[in-house]
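quick one, what's the 3D model for this:
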Amino acid sequence: MQTELAPQLAGTPEGQTAQAILNKCVHCGFCTATCPTYQLLGDELDGPRGRIYLIKQIAEGKPATEKTRLHLDRCLTCRNCESTCPSGVDYGHLIDIGRKWAEEQTKPRPFIERTIRKILASGLTNKPLFDNGMRLGRLLKPLMPAVIKSKIPTGKHPGTRPTLGKNKTKMLLLEGCVQPGMLPNINNATIRVMHRLGVDVLSASKAGCCGALKYHLNEQTAGLDDMRRNIDAWWPFITGEAPECQGQKVEAILMNASGCGVTVKEYGHLLKDDPQYAEKAKTVSTLCKDLIEVIPNYSKQLKGLLGSFNKKLVYHPPCTLQHGQKIKGVLESFLEELGIHTELCKDSHLCCGSAGTYSVLQPKLSKKLKEQKLNNLLNAVGENGAERIVSANIGCITHLQNNQTPVEHWIELIDTSLGNNH
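Sure thing, here's the model as predicted:
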């Protein structure tokens, strides 16, 4: 789809990136078949092909309208369309550019909407504020309306972390912004399991939100600043100069939240025009690994620790893992190798509706997608006699909490099966 950039965009990094992506699109429409919002709304402009056309119009000089902004807002950024696109259109990066342009060209959002977005961008990424808010929320949970209660998962007791320093192999873990306060056992379980496998998993105290939350709320400058802060915090670990490294360079930057992982893997792209950080960002992206990319290297050792046992699970693959990071089938194969029978539900390729802040900003669409996904997941649980649902992203796990079947991170199951202290 040939695109002639408007004069004000010609020669700009964003304009050139958008043009290159747009030129790949052949407008075939395969993407609409796997787009959750198109399936719900049936509107061409609420599918990838229609949104690409809207962004093309902006790129060629037609001013964006509030209607344009609304259709771009409704996108989950699940990137399922990327998995089905035969032309390799980089839709995820294009929608970020399109949203930025639409935000710049339209009048300010209503006050309440601006306030909610600001609270999400500032509150969720402020760890002390969020942690204290979550503690207060748990205390007052019985008094809260159901819609708020559903946002406060109980989770497992986080237990303790092992004493580090005995293992030569070192890896870093991004603790995240909401995960430590919302479901702290995920990080602790990751550290305990990897420690049993002979890996010290370290944390950089100055690292924080991966940057995705602000970036996708159109606070892109602030999001990039978060990314630069993380690179600065991680660099002494990457070079082996941090005291905790004991002279060893970290072998990987582990991600146990696939939403963070897909963003950190894109630091190299997002900071490619920053002369001070471009090379460091590429190094960080190369070192970034989802937990499921690392732990299968220890499967033989892990099987020896676990022994033989038989469990049945239903797995919900997050969009950020299967479509964003293009990691499909790995977790299922790994769990099967451990003796854990793992099934998917019938719409496993579709988004559950969590999508970062989407469940707050687009509650009606998010609720429909959640109900659809939970119905299929629980049917799969019943059909296969599964005891629980597992996933690999904090957003999906909290979004899919229900009163019938436990939902947890798959590493928590491994941790429990190892008999670690809780």
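
buried ones in the helix or strand containing Gly137?
Secondary structure assignment for Gly137, by DSSP states H and E: helix 127-140. Buried positions in helix 127-140, judged by neighbour count with 16 or more other Cβ atoms under 10 Å: Lys127, Phe130, Asp131, Met134, Gly137. Heads up, the C-betas are built off the backbone N, CA and C, glycines and all.

what's the most distant pair in those?
Distance extremes for the buried residues of helix 127-140: the farthest pair is Lys127 and Gly137 at 15.1 Å, using Cβ to Cβ.

need the contact list for Leu124.
Phe130, Cys177, Val178, Cys209, Leu213, Thr357 (Cβ atoms under 8 Å, 6 or more residues apart in numbering).

how about the residue lying closest to Ala33 once chain neighbours are set aside, what does it touch?
Nearest residue to Ala33, sequence neighbours excluded (Cβ to Cβ, 6 or more residues apart in numbering): Thr84, at 6.8 Å. When contacts are counted by Cβ under 8 Å, 6+ apart, Thr84 touches Phe30, Cys31, Ala33, Thr34.

and for the second one, the neighbour number?
By that I understand Cys31. Counted with other Cβ atoms under 10 Å, residues neighbouring Cys31 total 26.

again, but for Cys78
A total of 29 residues lie near Cys78 under the criterion other Cβ under 10 Å.

any stretches of the stretch 101-250 of the chain with poor pLDDT?
Counting by pLDDT under 70, the stretch 101-250 of the chain contains low-confidence ranges at 147-148.

show me where it has helices.
111-123, 127-140, 146-149, 179-182, 185-196, 212-216, 220-239 (DSSP state H, counting those that start in this stretch).

now what about the helix holding Gly137, what contacts it?
Contacts to helix 127-140, defined as Cβ under 8 Å, 6+ apart, come from residues 123-124, 144, 148, 151-152, 154, 177-178, 180-182, 208.

rerun at 10 Å
122-124, 126, 144, 148-149, 151-155, 175-184, 208-209 (Cβ atoms under 10 Å, 6 or more residues apart in numbering).

cool, stretch 358-369 as well?
Residues from elsewhere that reach stretch 358-369 (Cβ under 10 Å, 6+ apart): 36-37, 39-41, 46, 73-78, 113, 116-117, 119-120, 124, 147, 150-151, 216-217, 347, 350-355, 357, 370, 395, 398-399.

domains in the protein, by residue range?
What the record gives for the chain is the domain set 13-105, 154-294, 300-417, from automatic domain parsing.

next one: the residue nearest to the spatial centre of the chain relative to Glu336, how far apart?
Centroid check for the chain by Cα atoms, centre = their mean gives Gly259 as the closest residue, at 1.0 Å. Separation of Gly259 from Glu336 (Cβ to Cβ, to the nearest Å): 25 Å.

and if you look at Phe130?
From Phe130 across to Glu336, the span is 36 Å (Cβ to Cβ).

and Thr68, by the same measure?
With the distance defined as Cβ to Cβ, Thr68 ends up 46 Å from Glu336.

Arg74 now?
Using Cβ to Cβ, Arg74 is found at 37 Å from Glu336.

now the domains of the chain as TSV including distance to Gln2?
TSV is the format used below for the domains of the chain (distance: least, Cβ to Cβ, whole Å):
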stretch	distance to Gln2
domain 13-105	6
domain 154-294	24
domain 300-417	27
